[in-house]
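Novice: the amino acid sequence is not available; the structure is as follows:
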């Protein structure tokens, strides 16, 4: 391919990339510069210095990589940002509504993104197909595909590319809400850059997401203290959950959606990709039933699920807290009693706390 043909191919690529992305199931794709603004770098540095990342040491360990995409892909010039909707509810889906699960205290609530297949694999596999098509059209290029799988400031890159804007809960928002996974292709191709979006976003004076957080983790607009976030507590934290936060967690055993459920933009969310439809009845399972799973059942039932990464021990820890918050009943107490002598110190401690909540 000579220079003129290559330039023509590059000029035509943005429109082709959007079309290919939609063929692969993505809602849309946008192209931006592979760079992080000084302001975003400063905010990351301040957030880490304040210790708001908790035990997520990898956030601090790879801070330099997050601030410099070219360190991940040498010569990176542009980023193709995509989003893949996951919301499991919609016409004909038959999914237990999120609000119903949250208001049923003996039912487990799992973040809706985690009810189906592991998004890391789904998004990366589709991005690889998109990268292959780009290479076929423009020739060989240096690139990597990502989806929450490397130190990439996804929301920053996505918002700068025009994919959406950062909401006050810190997630990427669009006019179809925030129920989506993000993915990126960092490439050394000099693709035409699309215009930046309105830097002010479209949240206006709305702050509904702040008081919606059960544990007060959203301390101010655009400020998140991960140490109080239920997603952090149930997924990232390896040790005991702070006792003062346990009663605030309700029946949430894996992640939390409250800030998103409160967001008016999510009224316009469409049903997501079928790959993320609920499996194993996790959209409305009884806490006592999930607590009874053996380690073998946990591994088998959650094969191919993002939930599997926390392991059986933390799974039981999280459910024990939810059982402690459930109304006292013979079934709840019997479930907790069955794990009173569990070999794990972590599980036993949370079971003891939960039993004490029921006067045992």
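Specialist: Received the coordinates, thanks. Just so it is clear, the structure is predicted and the values come from calculations on it, not from any experiment.

Novice: skipping adjacent residues, who's closest to residue 96 in space?
Specialist: Nearest-residue entry for residue 96: residue 284, 3.4 Å, with adjacent residues in sequence omitted and distances by CB to CB, 6 or more residues apart in numbering. C-betas here are computed from N, CA, C, even on glycine.

Novice: right, and that neighbour touches residue 98 too?
Specialist: No - assessed by CB atoms under 8 Å, residue 284 is found out of contact with residue 98, at 10.2 Å.

Novice: looking only at neighbour counts, state which of these two leads.
Specialist: Per other CB atoms under 10 Å, whichever of residue 284 and residue 98 has more neighbours is residue 98, with 20 against 16.

Novice: low-confidence ranges, this structure, go.
Specialist: In the predicted model of the chain, residues 1, 195-200 satisfy pLDDT under 70.

Novice: which residue ranges make up the domains of it?
Specialist: Listed domain ranges for the chain are 3-94+116-187, 286-360 (source: automatic domain parsing).

Novice: so for residue 254, which of the ones you listed sits nearest?
Specialist: Residue 254 sits nearest to domain 286-360 of all the domains of the chain, at 5.6 Å, using CB to CB.

Novice: ok, now how distant is residue 298 from residue 331?
Specialist: 20 Å (CB to CB, to the nearest Å).

Novice: ok, which stretches of the stretch 1-150 of the chain are strands?
Specialist: 28-33, 78-85, 109-110, 143-146 (DSSP state E, counting those that start in this stretch).

Novice: deepest-packed of those, please.
Specialist: Highest mean neighbour count among the strands of the stretch 1-150 of the chain (mean count of other CB atoms under 10 Å): strand 109-110, with a mean of 28.

Novice: so how far is that strand from its chain's centroid?
Specialist: 14 Å (CA atoms, centre = their mean, to the nearest Å).

Novice: number of nearby residues for residue 279?
Specialist: 16.

Novice: what do you get for the one 10 residues further on?
Specialist: The number of residues packed around residue 289, counting by other CB under 10 Å, is 15.

Novice: picking that back up, I'd like the strands of the stretch 1-150 of the chain laid out as JSON lines, including distance to residue 292.
Specialist: Below are the strands of the stretch 1-150 of the chain laid out as JSON lines (distance: least, CB to CB, whole Å):
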{"stretch": "strand 28-33", "distance to residue 292": "43"}
{"stretch": "strand 78-85", "distance to residue 292": "33"}
{"stretch": "strand 109-110", "distance to residue 292": "17"}
{"stretch": "strand 143-146", "distance to residue 292": "37"}
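
Novice: which of those strands sits closest to residue 231?
Specialist: Between residue 231 and the strands of the stretch 1-150 of the chain, the shortest gap by CB to CB is with strand 109-110, which sits at 10.9 Å.

Novice: same for the closest one, what does it pack against?
Specialist: helix 98-102, strand 252-254 (3 or more CB pairs under 8 Å, 6 or more residues apart in numbering; DSSP states H and E).

Novice: quick one: closest of the ones you listed to residue 278.
Specialist: Nearest of those to residue 278, taken as CB to CB: helix 98-102 at 10.6 Å.

Novice: may I see the buried residues of that closest one?
Specialist: 98, 101, 102 (16 or more other CB atoms under 10 Å).

Novice: same deal with stretch 189-208?
Specialist: By neighbour count with 16+ other CB under 10 Å, stretch 189-208 contains the buried residues 189, 191, 193, 194, 197, 201, 203.

Novice: follow-up on the earlier one: can I get the helices and strands packed on strand 109-110 in CSV with distance to residue 18?
Specialist: Shown next, in CSV, are the helices and strands packed on strand 109-110 (distance: least, CB to CB, whole Å):
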stretch, distance to residue 18
helix 98-102, 30
strand 252-254, 33
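
Novice: what's the closest of these to residue 132?
Specialist: It is, among those and with distance given as CB to CB, strand 252-254, at 33.5 Å.

Novice: how about the strands in the stretch 201-350 of the chain?
Specialist: 218-220, 223-224, 252-254.

Novice: so which elements touch the first one?
Specialist: Other elements packing on strand 218-220 under the criterion 3+ CB pairs under 8 Å, 6+ apart are helix 209-212.

Novice: identify the residues contacting the helix it packs on?
Specialist: With CB atoms under 8 Å, 6 or more residues apart in numbering as the test, helix 209-212 has contacts from 167, 168, 169, 218, 220, 221, 258, 259, 260, 261, 262, 263.

Novice: now stretch 58-65: buried residues?
Specialist: For stretch 58-65, burial by neighbour count (16+ other CB under 10 Å) applies to 59, 60, 63.
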